[in-house]
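Chemist: only geometry, no sequence info:
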């Protein structure tokens, strides 16, 4: 990496947290994008110093765009959009449509993500094989992590405003949801 690093973002997607780094050489017109330390786009000698760079991030090929805007003189502002939304808005919406649990099983850190709209479950970037069933008070989605039996229960809160409550159990023990 050169001294042209101007922005770094951490983006949490289903398949993990990705680090996006952007280099912008305002004297050379260079633009370089790194995802998780790997160079994915390099453009040299760009005569237009403002504009957009579109790319995909993560195993789900999520659409991302870096906007480069002049603010005054030779000062620039860099903003990241994910799926057409500002990063802030995307993260706010993401917290509504996913639940995340962080746990350590057999010495391995696990990041389990539930996509509430599809009921897909991801662990450390891998989509899990699941089996869903209806039970008396809602649904249960079963899956395994190593030798551990896991289940995500979805039950109604009984309050329209709170909606459905998702709870993760590992070997029958409840795991607290991460923020």
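Modeler: Received it, and whenever you're ready, just let me know what you need. Since we're looking at a predicted model, the values are computed, not measured.
Chemist: What count of nearby residues applies to the nearest residue to residue 47 once chain neighbours are set aside?
Modeler: Here the nearest residue to residue 47 in space, its sequence neighbours aside, is residue 29; by C-beta to C-beta, 6 or more residues apart in numbering that works out to 5.9 Å. All C-beta spots, glycine's among them, are computed from the backbone N, C-alpha and C. When neighbours are counted by other C-beta atoms under 10 Å, residue 29 registers 14.
Chemist: what's the helix-or-strand element of the chain with minimal mean pLDDT packed up against?
Modeler: For the chain, counting by mean pLDDT, DSSP states H and E, helix 87-97 ranks last in confidence among helices and strands (a mean of 90). Under the contact definition 3 or more C-beta pairs under 8 Å, 6 or more residues apart in numbering; DSSP states H and E, helix 87-97 sits against strand 5-13, strand 75-82.
Chemist: Can you lay out the ones you listed as CSV showing distance to residue 58?
Modeler: Compiled in CSV, the helices and strands packed on helix 87-97 are given as follows (distance: least, C-beta to C-beta, whole Å):
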stretch, distance to residue 58
strand 5-13, 4
strand 75-82, 10
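Chemist: Now render those as a markdown table, adding mean pLDDT, mean neighbour count and distance to residue 113.
Modeler: Conversion of those to a markdown table gives the following (pLDDT from 0 to 100; neighbours: other C-beta atoms under 10 Å; distance: least, C-beta to C-beta, whole Å):
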| stretch | mean pLDDT | mean neighbour count | distance to residue 113 |
| --- | --- | --- | --- |
| strand 5-13 | 94 | 16 | 8 |
| strand 75-82 | 94 | 16 | 15 |
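Chemist: Out of the ones you listed, which gets nearest to residue 117?
Modeler: Residue 117 lies closest to strand 5-13 among the helices and strands packed on helix 87-97, at 14.5 Å (C-beta to C-beta).
Chemist: any idea which residue of this structure is furthest from its center?
Modeler: The C-alpha centroid of the chain is most remote from residue 73, which lies 34.4 Å away (C-alpha atoms, centre = their mean).
Chemist: quick one: low-confidence parts of this structure?
Modeler: Low-confidence segments of the chain (pLDDT under 70): 1-2, 179.
Chemist: picking that back up, residue 141 is nearest to which of the helices and strands packed on helix 87-97?
Modeler: Nearest to residue 141, of the helices and strands packed on helix 87-97 and by C-beta to C-beta, is strand 5-13 at 20.0 Å.
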